[in-house]
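Only the shape, not the letters, is given here:
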């Protein structure tokens, strides 16, 4: 078996079409989610999570820093957890995560749905789902 | 529109690749698990009321927490491997070593977390 060159640089691979842009977006949004989740985790520890929350609660807050996620814990006051600062962080995480997740669903669907017309429907559905999820998520974050 | 592959659903599901296949399929299961969970969770919170409470109480269950933590942690660690290897393609020669490192990170983290979640749930 001849060895294929597996080590093309990003430039040589040519990020020209939409699918290639989404390919790089998936990687970069993963890094962004790492940053946002670790940021929320650090914030929780600074606001007293070490004594007032258990591991599952801290995780729940870290993966989506929304004040309803700390309601059932021993946190005495929800006010510092529901500031515009944390709502903005949660919104940023929501945007990135929904786009990453919905694109992931399209990638999975493309593995099993191969018709050109069917793939167009998948894309239309994905845009609808992305819009609906983002709007509902934003509503929940800013009204909780 | 991506590559045109003449592979049907059943043939696609039966595919077994050489290396990294387990990581690939667990990444897919984890991603799907999270996507379904988050969709239902957002819908349930948005609808609220009794229906919403039913789903959101289900998520407080420790068994569900272990499942979703498996999905999340594996997807996150495997995703970091994919990201690092794809952004630094020279490292692709060390694919198998990267998968071993991944398991070496995943197993202790998941084991300790599962232990903590179960002992908290059982009142320890």
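Looks like it arrived, so ask away. A quick note: this is a predicted structure, and the numbers were derived from the prediction, not measured.

can we go C-alpha only for contacts and neighbour counts from here?
Will do.

Enumerate every residue touching the closest residue to residue B:83 other than its chain neighbours.
Nearest residue to residue B:83, sequence neighbours excluded (Cα to Cα, 6 or more residues apart in numbering or on different chains): residue A:27, at 5.1 Å. Listed by Cα atoms under 8 Å, 6 or more residues apart in numbering or on different chains, the contact set of residue A:27 reads B:79, B:82, B:83.

Helix or strand: which one has residue A:27?
Following DSSP states H and E, the helix or strand that holds residue A:27 is helix A:18-46.

Now do the buried residues in that helix.
By 16 or more other Cα atoms under 10 Å in any protein chain shown, the buried positions in helix A:18-46 come out as A:22-33, A:36-37, A:40-41, A:43-44.

can you check stretch B:42-61 too?
B:42, B:43, B:44, B:45, B:52, B:55, B:56.

Mind pulling up the pLDDT for the fourth one?
So that's residue B:45. Per-residue pLDDT puts residue B:45 at 89.

ditto for residue A:82
89.

from memory it sits against residue A:69, does it?
No. Using Cα atoms under 8 Å, residue A:82 makes no contact with residue A:69, being 10.4 Å away.

Enumerate the residues of chain A near chain B.
A:6-10, A:19, A:27-28, A:30-31, A:54-56, A:101-102, A:104-105, A:108, A:111-114, A:116, A:133, A:136-137, A:140 (Cα under 8 Å from any Cα of the partner chain).

Filter the residues you listed down to the buried ones.
A:27-28, A:30-31, A:56, A:101-102, A:104-105, A:111-114, A:133, A:137.

Can you list the residue ranges for helices in chain B?
Applying DSSP state H to chain B gives helices spanning B:9-13, B:21-47, B:49-58, B:62-87, B:95-121.

Give me the contact list for the third one.
For helix B:49-58, the external contacting residues (Cα under 8 Å, 6+ apart) are B:40, B:41, B:43, B:44, B:45, B:46, B:64.

can you state the direction angle for it and helix B:21-47?
150 degrees (axes from the mean of the first three to the mean of the last three Cα atoms, to 10 degrees).

And the pLDDT at residue A:124?
95.

Same question for residue B:101.
93.

Nearest to chain A among the buried residues of stretch B:42-61?
Comparing the buried residues of stretch B:42-61 against chain A with Cα to the nearest Cα places residue B:42 closest, at 6.5 Å.

got a list of what the residue nearest to that closest one when sequence neighbours are not counted touches?
Distances taken as Cα to Cα, 6+ apart place residue A:137 nearest to residue B:42, at 6.5 Å, with adjacent residues excluded. Residues in contact with residue A:137 (Cα under 8 Å, 6+ apart) are A:91, A:94, B:42.

which one of those is nearest residue B:92?
Nearest to residue B:92 among those: residue A:94, at 30.9 Å, using Cα to Cα.

who does the helix or strand hosting the closest one touch, helix- and strand-wise?
Using DSSP H and E, the element containing residue A:94 is helix A:84-112. Secondary-structure packing of helix A:84-112 (3 or more Cα pairs under 8 Å, 6 or more residues apart in numbering or on different chains; DSSP states H and E): helix A:18-46, helix A:116-143, helix B:9-13, helix B:21-47.

Grab the nearest non-local neighbour of residue B:30.
residue B:71 (3.9 Å).

Determine the number of other residues adjacent to the one you found.
20 (other Cα atoms under 10 Å in any protein chain shown).

who's in contact with it?
B:26, B:27, B:29, B:30, B:31, B:33, B:34.
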